[in-house]
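A.B. asks: Sharing a model prediction with you, sequence too.
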Amino acid sequence: MQISLTELADHLGAELLGDGDITITGVATLKDATSGEIAFLANESYRKQLSDSQASAVIVRPDDAESVAGSALVCDNPYLAFARTTHLFDNRSPAEVGVHPTAVIADSAVVGADCRIAANVVIGEHVELGEGCEIGPGTVIGDHCVLGTQCHLNANVTLYHDVTLGERVRIHSGTVIGADGFGFAPDQGRWVKIMQLGGVRIGNDVEIGANSCVDRGALGDTIIGDNVILDNHVQIAHNVELGDGTAAAAQAGVAGSTRLGKHCTLAGNAGVAGHLELCDGVFVAPKTVISKSITQAGGYATGTAQMPINEWRKSATRFRQLDSMARRIKDLEKQLKD
Amino acid sequence: MQISLTELADHLGAELLGDGDITITGVATLKDATSGEIAFLANESYRKQLSDSQASAVIVRPDDAESVAGSALVCDNPYLAFARTTHLFDNRSPAEVGVHPTAVIADSAVVGADCRIAANVVIGEHVELGEGCEIGPGTVIGDHCVLGTQCHLNANVTLYHDVTLGERVRIHSGTVIGADGFGFAPDQGRWVKIMQLGGVRIGNDVEIGANSCVDRGALGDTIIGDNVILDNHVQIAHNVELGDGTAAAAQAGVAGSTRLGKHCTLAGNAGVAGHLELCDGVFVAPKTVISKSITQAGGYATGTAQMPINEWRKSATRFRQLDSMARRIKDLEKQLKD
Amino acid sequence: MQISLTELADHLGAELLGDGDITITGVATLKDATSGEIAFLANESYRKQLSDSQASAVIVRPDDAESVAGSALVCDNPYLAFARTTHLFDNRSPAEVGVHPTAVIADSAVVGADCRIAANVVIGEHVELGEGCEIGPGTVIGDHCVLGTQCHLNANVTLYHDVTLGERVRIHSGTVIGADGFGFAPDQGRWVKIMQLGGVRIGNDVEIGANSCVDRGALGDTIIGDNVILDNHVQIAHNVELGDGTAAAAQAGVAGSTRLGKHCTLAGNAGVAGHLELCDGVFVAPKTVISKSITQAGGYATGTAQMPINEWRKSATRFRQLDSMARRIKDLEKQLKD
């Protein structure tokens, strides 16, 4: 891939400062960029790398334009411009259009035009694949699943039966959609399984990372809204609903029947208990446990902050005495008042 | 599936109040049920939905029977009755009995009657499958594994060698049983692997969710008792023993050589350190770390409770000062006494 | 496998006390060992099992040699000697050398001598496998991957394109290497994907457990040093760098662009935030969140210690009041001074 800086500026709708004839052959960080590559400055903490960068051009905000030694592409959102630039330089070899002879596809399945079905894929009865879907090796799609156009399931993904994906959904390897929710009724000391009769419905432009799980509903569906993004090792339990644009970082989890609003963010390993409602725009800090519903947008946290382990032991010991400490303070206040 | 309310009452051993001739065609929540569907009331917080429900009948406790507008099935444990009802309405298409031509099965393996072996299954040497097992597409079963009757491994499950399952064990996709435990000896700054020579033994009526791991023993076996239920993303390390009826919610973990008694419950992302013993009937709260053995049944927790992040920062800062705060309180008490 | 105690002493470089003609047929714990088996004492808490052990011989430190009733192998590091002994008694049936007829291997791929390629393996274009690699059933290796000699990928592993492994790398089932990092730019309330253009580079003598993830770099590679050991369910995000000999227990996670030094240890479910640097020799306690860079070796922790849940509730309530408690103490001190 080669593009002139002028063409790239046009593509991004950015203002060009400098030499538009430069040929851009790749994208890199300010620190690692070499001649021919374009870099970007979005995070202020990397600003000090601007002067030493060997990049042929840098994408910057108007305020930073003067600090660029070479050529610059100036725009209001350099991080977005960078994201769009990465699409131009994606170097992955595309899979071939067609169905690999080792794929096992049920007669009742319908495969849309221009699909790419890799080796050892297994597709169940009455499945519908939209146009231009790509299904990686070893991926299994259960009966009655429906995939919209241009979905991309990587290798070794598993979809159980009755899973519906919108358009342009990407799912990474090892991820399991539609496994049974964790539902059991206690019966005199024994667990009796609750059959999970619902399915999973996923919106458009969703991406789900590797080794994540979205369980099927017990009754009714588990629902993932449009443009939701989930990282690796994420757990979405049965009958959860995630609003449009919500994001969950790696190892986050949402327990059964909980509803998250739009544009919520779960940081890494954040957890939300079951049967709760979180309004739009909630941010949950890393490893935080949410145990009550939230009606006001903003950030929430649990836990304590990082300490050397010997000091931590002292604080942890005192934490057990907190109630007594509080009572003793009250007592002192009373004594002093008297 | 269709069943009259009278027949369903008989099946569940419930008392029928109302019209026994109603045909029940499905099961749903109080909120979502429509005509022809049966709902249930088990969790008091949903009681307010009783009056507006469109369900044709509701499974309730005797106390709630009067509040049901239409027909009711009355029993002491509506949640259990609901669980049993879901088995009647399970709509999954059963896999075909037989072995798919793409399955690769070692000559020395023994496959019981009425098994359902899907596409691309790989079964190793000397494996024994009991009657009526169902093995999903892409699942791999290592040498010398033994599965009891009516086990169900979903798609893309992996069993290493020497894994023994009891009867009616269900394992969901992506789960790995019998991978090496995490055992290494330090040798002058380098890790030397300890070969994991044991296996895994799993009891009857066990269910393991998706993308979970149960490691093989280093010496001797990792042991999962009867009727244990594990959710998704659960980690069971080498030589752990889980007592009968113990349950672990998603992202829980138990470190090496720890033994849990019977009927313990690990909530979501709870963790138990290695080489510990937990007695019967221990409940571990969400995201709690258990670092000492427990000899008394009951609930245990670590961590703090959910706060707006700005307030949390203040408390987290003070947590570092807890030891000093405790000393200052003591000092004040001494001064005041003097 | 059978070996005389004299031969084993020679192999381990240990001093033999007792009968060198004993035939050792297996290795076991002090508690479970029976006649013919060798046990070891490395952890002091198991010392009380020494007198009752039925082991034919025990590997011990010089200080413990007198306490062994039968024969002993004496050395400075019994745990290491035990590790080396397990390699002698590894009972796994080796896979056959050769390529299973169901494997799908691109014409441009190069498979080294003495490789063992199992059923349903899929190997992409321009892949290079070193001599003596073993690839388990259902494993998928993407285009342009390079594996050094004697790598062992178990069943159902997934390598995306452009992943490079050193020599003697072991990867357990369900693990995904090279999936896209979690990179998205916000654009007026929508997430725009950042294509992940980098790869993954893994050193020599690395072991990665089951169902773990190492994401590919966004720009440039994610890098795992030599002799790194990762347990199950571990998350390594894009552009992370792990120094030689670093270890991460199950469910640990490292967020994007963070660098860990050499010989760091992440305990179970420890988490490290993104864009940080940890120096060599850092230990992170279980379920701890690291949110700031660390420049001094040693242990670090967050969280609180295990409590009965009713007592915990009191402390958790008081935690919310910590700032007010601290102010009241200061106030009391001031009043008392006045």
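C.D. replies: Structure received.
A.B. asks: which residues touch stretch A:289-299?
C.D. replies: In this structure, residues lying in contact with stretch A:289-299 by Cβ atoms under 8 Å, 6 or more residues apart in numbering or on different chains are A:270-273, A:276-285, A:300, A:302, B:286-287, B:303, B:305-306, B:308-310. The C-beta positions use only the backbone N, C-alpha and C, and glycine is treated the same way.
A.B. asks: quick one: the helices in the stretch 101-250 of chain A?
C.D. replies: With DSSP state H, counting those that start in this stretch, there are no helices along the stretch 101-250 of chain A.
A.B. asks: Quick one: buried ones out of the contacts of stretch A:289-299?
C.D. replies: Buried by 16 or more other Cβ atoms under 10 Å in any protein chain shown: A:270-273, A:276, A:278-279, A:281-285, A:300, A:302, B:286-287, B:303, B:305-306, B:309, out of the contacts of stretch A:289-299.
A.B. asks: distance of the spatially closest residue to A:T23 that is not a sequence neighbour from C:H161?
C.D. replies: Residue nearest to A:T23 in three dimensions, not counting chain neighbours: A:Q2, with 5.4 Å by Cβ to Cβ, 6 or more residues apart in numbering or on different chains. Look at A:Q2 and C:H161: by Cβ to Cβ, to the nearest Å, they are 21 Å apart.
A.B. asks: The two: who's more crowded?
C.D. replies: Looking at A:Q2 and C:H161 with other Cβ atoms under 10 Å in any protein chain shown, you find the greater number of neighbours at C:H161, namely 20 against 11.
A.B. asks: Next, the contact list for the more buried one, please.
C.D. replies: By Cβ under 8 Å, 6+ apart, the contact list for C:H161 reads A:R92, A:S93, C:G124, C:G142, C:D143, C:H144, C:C145, C:G178, C:G199.
A.B. asks: The residues you listed also near chain B: which ones?
C.D. replies: Among the contacts of C:H161, no residue lies close to chain B (Cβ under 8 Å from any Cβ of the partner chain).
A.B. asks: Check those residues for the minimum pLDDT and say which it is.
C.D. replies: pLDDT is lowest at A:S93 among the contacts of C:H161; the value there is 81.
A.B. asks: Is that residue part of a helix or strand, or is it coil?
C.D. replies: coil (DSSP: H, G, I helix; E, B strand; the rest coil).
A.B. asks: which ones are touching it?
C.D. replies: C:E125, C:D143, C:H161 are the contacts of A:S93 under Cβ under 8 Å, 6+ apart.
A.B. asks: how much space is there between it and C:V176?
C.D. replies: Counting by Cβ to Cβ - A:S93 and C:V176 are separated by 19 Å.
A.B. asks: next one: A:K193
C.D. replies: Counting by Cβ to Cβ, the gap from A:K193 to C:V176 is 29 Å.
A.B. asks: who has more neighbours, the two?
C.D. replies: C:V176 (27 against 19).
A.B. asks: ok, whatever residue of the stretch 201-338 of chain A ends up closest to chain C - contacts?
C.D. replies: Using Cβ to the nearest Cβ, A:I309 is the residue of the stretch 201-338 of chain A that sits closest to chain C, at 3.4 Å. Contact analysis of A:I309 by Cβ under 8 Å, 6+ apart lists C:F283, C:A285, C:G298, C:G299, C:Y300, C:A301.
A.B. asks: quick check, nearest of those residues to chain B?
C.D. replies: Nearest member of the contacts of A:I309 to chain B, counting by Cβ to the nearest Cβ, is C:A285, at 8.6 Å.
A.B. asks: My read is that the closest one contacts C:G271, right?
C.D. replies: No. Using Cβ atoms under 8 Å, C:A285 is not in contact with C:G271, being 11.2 Å away.
A.B. asks: and A:D19, that one's in a helix?
C.D. replies: No. Counting by three-state DSSP, A:D19 is not part of a helix but coil.
A.B. asks: contacting residues for the closest residue to it other than its chain neighbours?
C.D. replies: Nearest residue to A:D19, sequence neighbours excluded (Cβ to Cβ, 6+ apart): A:S71, at 5.2 Å. With contact set as Cβ under 8 Å, 6+ apart, A:S71 has these partners: A:L5, A:L16, A:L17, A:G18, A:D19, A:G20, A:I22, A:S56, A:A57, A:V58.
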